[in-house]
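Asks: whatever this is, show me its structure:
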Amino acid sequence: MCRGLPTLSLLALALGCSGAPVDDATQTDAMGSTASTASMTSQSVTATTSTGGVTSQGPTGEPSTTSAGETDSSGETSGETTEDSDSVTTGPGETTSDPDTTETTSDSETTEPTETDGEGVCGTKCCDITEFGAVADDDIDDQPAIQAAITAALATDHRFVYIPTGTWDIGSTIDMTSGQPAKVTIAGADSKATRLRWMDNLNYSIFNTHGGHDYFKVDLRTLTIDGRHLEHASGSGHGVRAGNGWEDGHLHMQYLNILHPGFYGVGIQNGDPGDLGALSVWLTDSYVADTGSDGVDFKAPPDANNYDVQIQNVVFHNVGNSVRGLDEQGNGSDAGIDLTADGFGIYRVTIVTDAYKHFDNVWHPLFEKNVSGTNTIQGIRLRKRGNSWAEPAARNGSINRVYIKYPERGVFFEGWNQGVVIERTHIKSVPLDGVYLRGVDNTIESTVCAVDAGTPLTVSSANGNANMQNNTIDGPVANCIPIEEVGALPENRDQNNLIDVAEPMDCE
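Replies: As a prediction, this is how the structure comes out:
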């Protein structure tokens, strides 16, 4: 039988203010206590999720915000936020009916097995890729079978694609919605043992959507994506990519190990004029390592923005470690998190990169791109929107319970940012700035510290924006609160200690 799927971690949606800290009584400890979760999908079974000795838990004490990234004084939602369940959350404990309820059935419901145009047949619960010709561990391209299973799933009520354990070779990009506006879940059996591996001839990203749809709802979870450090000449080679935004829906990613992508771990590439903003992009309970460029890169067009971007319970290790992304002079810039959004939350995140190490009173660049050029590695970069400095870019967001170590800058306000709150953030060993601030109405709490930093704080009005009003600056300070009080994830995760969550299924 197909057992119920684990619920998503409860997220502090689009954190538009600093918010109350998580109750320490419910905060996950570093020894692997069981996390409490709240249902955000149509399934009802909560899973215990062991992430290499650390159990992941979304924040439960943060205020919700509207999709425009605003909160009222009580911290309750004053607008609407679209969820991936059969209900829409309108405030703490309040739900209304989702117009998409006709598209999905719960795990307790069944449908007749679905005949497809191809050779495979979907079960009553899901479409198993092995029914469409995929064979694990045989070094033969499984992309056609996975794509056929996705296409078949879109014709079912469950709209669910299942990838069993094993190594699945990917020779061309998997289109997550088969090129159409759609709702679909793609899930592996085991986040460690279900591995999608790039083949030498892959010329783009493993998962992709061209976007630009009025409707797009994708849940991607419980997989390892192994890029094998392969890069395409175009500069592509992402783990998960969206080429444009969407007007309604979401891209929710959970329990992923994204390893060795040639370029971005996750990329929302909607930076051209006329592109759509992306709505509700979540990366939670995941591990991103050894990326050629950014860990995540969320662009936005000059005439729109992204809304409700959440990165929570994620470790980024060694971002920007290839020579991709440099110009002819060897210059470039990479970041663990690189985003533009109106309404975002970066919560319980650790970013450790070995780009630079400080010993013998000298900063030593360790990545080839840092040795050969002037590439800059940032912990978090809040970027400009499109190519414009005129409008607020990243705004109404929170950076909370974050640990950053060994980039060149800790937190970099590249764009003209507004209403961003940084708290409980520990920045360690950066040769340039702990925090580089630009914008208005931003807050740096006294719980932010920068240790062994070239300059703990830089305040800039560069790029024609002289207005630096109403910033509240109480940090960074030199004396850090204890690291255990920061509450970020431990920094010692490595590839022998991946996210480990099992969701075995029988598609019937």
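Asks: contacts for the longest helix seen in the chain, please.
Replies: Secondary structure of the chain per DSSP state H: the longest helix is helix 143-153. For helix 143-153, contacts defined as C-beta atoms under 8 Å, 6 or more residues apart in numbering pick out 114, 116-118, 120, 122, 126-134, 159-161, 163, 168, 170-178, 184, 186. (Glycine included, C-beta is placed from N, CA and C.)
Asks: ok, of those residues, which come out buried?
Replies: Listed as buried from these are 114, 116, 118, 120, 122, 126-134, 159-161, 163, 168, 170, 172-178, 184, 186; burial here means 16 or more other C-beta atoms under 10 Å.
Asks: can I get the next helix or strand after the longest helix of the chain in CSV, CA atoms only?
Replies: Sequence-wise, the next helix or strand downstream of helix 143-153 (DSSP states H and E) is strand 160-163. What follows is the C-alpha trace of strand 160-163 in CSV, where atoms were taken according to Å, rounded to 0.1, in the frame of the first residue of the first chain:
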residue,chain,number,x,y,z
PHE,A,160,2.3,12.1,-8.9
VAL,A,161,5.6,10.7,-10.3
TYR,A,162,7.5,8.2,-8.2
ILE,A,163,11.2,7.5,-8.6
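Asks: which strands and helices sit next to strand 160-163?
Replies: The criterion is 3 or more C-beta pairs under 8 Å, 6 or more residues apart in numbering; DSSP states H and E, and the helices and strands that strand 160-163 contacts are strand 127-128, helix 143-153, strand 182-188.
Asks: give me the contact list for the first one.
Replies: It stands for strand 127-128. The contact list for strand 127-128, computed with C-beta under 8 Å, 6+ apart, reads 114, 120, 122, 149-150, 152-153, 156, 160-162, 164, 507.
Asks: so for those residues, which is the shakiest by pLDDT?
Replies: Per-residue confidence across the contacts of strand 127-128 is lowest for residue 114, with 50 (pLDDT).
Asks: and residue 215, what does it touch?
Replies: Contacts were defined as C-beta under 8 Å, 6+ apart; by that measure residue 215 touches 181, 182, 183, 246, 247, 248, 249.
Asks: switch the cut-off to 10 Å
Replies: For residue 215, the contacting residues are 100, 177, 180, 181, 182, 183, 246, 247, 248, 249, by C-beta atoms under 10 Å, 6 or more residues apart in numbering.
Asks: quick one: low-confidence parts of the stretch 1-150 of the chain?
Replies: Under the criterion pLDDT under 70, the flagged ranges of the stretch 1-150 of the chain are 1-119.
Asks: the nearest residue to residue 459 once chain neighbours are set aside: neighbouring residues, count only.
Replies: Counting by C-beta to C-beta, 6 or more residues apart in numbering, residue 437 is the residue found nearest to residue 459 once chain neighbours are left out, at 5.0 Å. When neighbours are counted by other C-beta atoms under 10 Å, residue 437 registers 21.
Asks: residue 180: neighbour count?
Replies: As a burial measure, residue 180 scores 12 neighbours (other C-beta under 10 Å).
Asks: give me every residue that touches it.
Replies: Applying C-beta under 10 Å, 6+ apart, one finds that residue 180 lies in contact with 151, 154, 209, 213, 215, 216.
Asks: got the phi/psi numbers for the closest residue to the fourth one other than its chain neighbours?
Replies: Looking back up the chat, that one is residue 213. The shortest distance from residue 213 to any non-neighbouring residue, by C-beta to C-beta, 6+ apart, is to residue 181 (4.0 Å). With angles defined as degrees, to the nearest 10, residue 181 sits at phi -60, psi 130.
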